[in-house]
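J.: Take a look and give me a structure for this.
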Amino acid sequence: MSEKTNYSGISTNLVHAGERPDPVTGSVIPPIYQTTTFAFETNESIFDLMEGRSQGYIYTRYGNPNYTMAEAKIAYLEEGENALVLASGMAATSTAVLAILKAGDHLITHTDIYGGSFGLFYEVLPRFGIEVSFVDFSDLTQIEDTIKKNTKVIFFESPSNPSLKIFDIRKISALAHENDIRVIVDNTFATPYNQKPLNLGADVVVHSCTKFINGHSDVMAGAIIGKADYINECINIFRKLGGSLNGIDTWLMIRGMKTFGLRMERHNQNGQKVAEFLSTHPLVEKIYYPGLPQHERHELAKSQMTGFGSVMSIEVKGGQNTVNAILNRVKLFTRAVSLGSVESLITQPVAAVHYSVPAEYRKLGGITDNMIRISVGIEEVEDVIADLVQALDIP
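T.: Okay, the predicted model is just below:
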């Protein structure tokens, strides 16, 4: 990782961390290293690099200058020792757990979790002899009662996707560490602008950088942040599994991170205002947004978050026809999966992201058929609300 930047503000650091003008041309913006391989002056110099006597790059799956810049910025954001960027959030999640788990080990997670992560834990890990338990993370006793001698990882999201549940990172981490278990937190929804799990006791943070970190719906990427020795093991796994970013996407993500602070300030403001509007609408039966006082864990959210982001879910009165009518009437919103981008997105979780999650697990996680997930962008909030007003005006 590059040297840390020590300016006082997040935006200042994100503009400058991990990069400097190109030493060859003086270009203020570092170039895209769109290359698969790197040249060496001598054969001996390859041995020097491979045996740790020198630093450099040999093959992009093993590292790339664009990776190094992006990793410096993400490690700075999460206040971690080091970071690894990968080709997607799922590449990050799978690599993060496989750097710890082996056949015979046990992982504990929850049901109201991103559909891709659920699929990894429910379908894939058991094929490799890794046991997985799904419990309600709102109840610390359930987690404690599920811990076994072979439990090695506790993995959770807070806020969760799509139910926006808030879990106590401090208490869960303390419980895990009493039992020599490592804690991995998916911080995609909250972002390091609003929450820093490593400072709350977690061991590892993962991100789908496709979302808020990049923030422009044009890059698919992921990241793992943690202690340097653990990231080294992730690198070992990652190099064997693949999942490499390309230079262009990494460069775009670096560009996206330079406006991260500005975007998150607007996302937080817009999200709060939209949630407050929706909380009073007669068609909205329930709203899930931790920034609202009526959220069941609002006080906990305030204790571990500095802002509440721009993703929320609502349950609307009526059945599928009502959901269809609302989603078909939006004009400014885009009907699409994903979240955390500059444009506002809207989707029905059971129609796409959580479509493959078995019904009994959706029920346990509070993922209902009349739930709509909303990701508020950085547009003028009056325009966003106006679109929701007309979409919810069902005859």
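J.: elements contacting the helix-or-strand element of the chain with minimal mean pLDDT?
T.: Ranked by mean pLDDT, DSSP states H and E, the weakest helix or strand in the chain is helix 359-364, scoring a mean of 83. For helix 359-364, there is no helix or strand it packs on, judged by 3 or more C-beta pairs under 8 Å, 6 or more residues apart in numbering; DSSP states H and E. No exception for glycine: its C-beta is placed from N, CA and C like everyone else's.
J.: what about 10 Å?
T.: Secondary-structure packing of helix 359-364 (3 or more C-beta pairs under 10 Å, 6 or more residues apart in numbering; DSSP states H and E): helix 115-119.
J.: List the buried residues in the helix it packs on.
T.: Within helix 115-119, the residues that count as buried by 16 or more other C-beta atoms under 10 Å are 115-118.
J.: next one: stretch 220-235
T.: Buried residues in stretch 220-235, counted by 16+ other C-beta under 10 Å: 220-226, 230-231, 233-235.
J.: same deal with stretch 90-100?
T.: So, applying 16+ other C-beta under 10 Å, buried residues of stretch 90-100: 90-100.
J.: Just the closest of these to residue 148, please.
T.: Lowest distance from residue 148 to these (C-beta to C-beta) belongs to residue 100, with 15.2 Å.
J.: Give me the distance between that closest one and residue 153.
T.: Look at residue 100 and residue 153: by C-beta to C-beta, to the nearest Å, they are 5 Å apart.
J.: that older thread, hmm, who's touching the least confident helix or strand of the chain?
T.: 110-113, 115, 118, 122, 134-136, 349-350, 354-355, 357-358, 367-369, 371 (C-beta atoms under 10 Å, 6 or more residues apart in numbering).
J.: give me every residue that touches residue 173.
T.: Here residue 173 is in contact with 154, 181-183, 185, 197-198, 200-203 (criterion: C-beta under 10 Å, 6+ apart).
J.: change it to 6 Å
T.: Residue 173 makes contact with 183, 201-202, according to C-beta atoms under 6 Å, 6 or more residues apart in numbering.
J.: With residue 217 instead?
T.: Residue 217 touches residue 341, counting by C-beta under 6 Å, 6+ apart.
J.: next one: the one 5 residues further on
T.: The contact partners of residue 222, taken as C-beta under 6 Å, 6+ apart, are 86, 88-89, 91-92, 208-209.
J.: Rebuild those residues as TSV, extending it with secondary structure.
T.: Below are the contacts of residue 222 laid out as TSV (DSSP: H, G, I helix; E, B strand; the rest coil):
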residue	secondary structure
86	strand
88	coil
89	helix
91	helix
92	helix
208	strand
209	coil
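J.: now, among those, which is nearest to residue 338?
T.: Closest to residue 338, out of all of these and judged by C-beta to C-beta, is residue 208, at 8.7 Å.
J.: between the buried residues of helix 115-119, which is nearest residue 247?
T.: Set against residue 247, the nearest of the buried residues of helix 115-119 by C-beta to C-beta is residue 116 (24.8 Å).
J.: Going by secondary structure, the residue nearest to the closest one when sequence neighbours are not counted is in what exactly?
T.: In space, and not counting its chain neighbours, residue 116 is closest to residue 90: 4.9 Å by C-beta to C-beta, 6 or more residues apart in numbering. According to DSSP states H and E, residue 90 maps onto helix 89-98.
J.: got the residue ranges for the helices in the stretch 201-350 of the chain?
T.: Under the criterion DSSP state H, counting those that start in this stretch, the stretch 201-350 of the chain contains helices at 228-241, 247-257, 260-278, 298-304, 320-329.
J.: Out of those, which one sits most buried?
T.: Burial of these is given as mean neighbour count (mean count of other C-beta atoms under 10 Å); helix 247-257 ranks first at a mean of 22.
J.: Could you pull up the mean pLDDT of whichever strand or helix holds residue 108?
T.: Element membership for residue 108 (DSSP H and E) is strand 106-109. Mean per-residue pLDDT for strand 106-109: 98.
J.: ok, and what's touching it?
T.: Residues from elsewhere that reach strand 106-109 (C-beta under 6 Å, 6+ apart): 121, 131-133, 146, 148, 150-151, 153-155.
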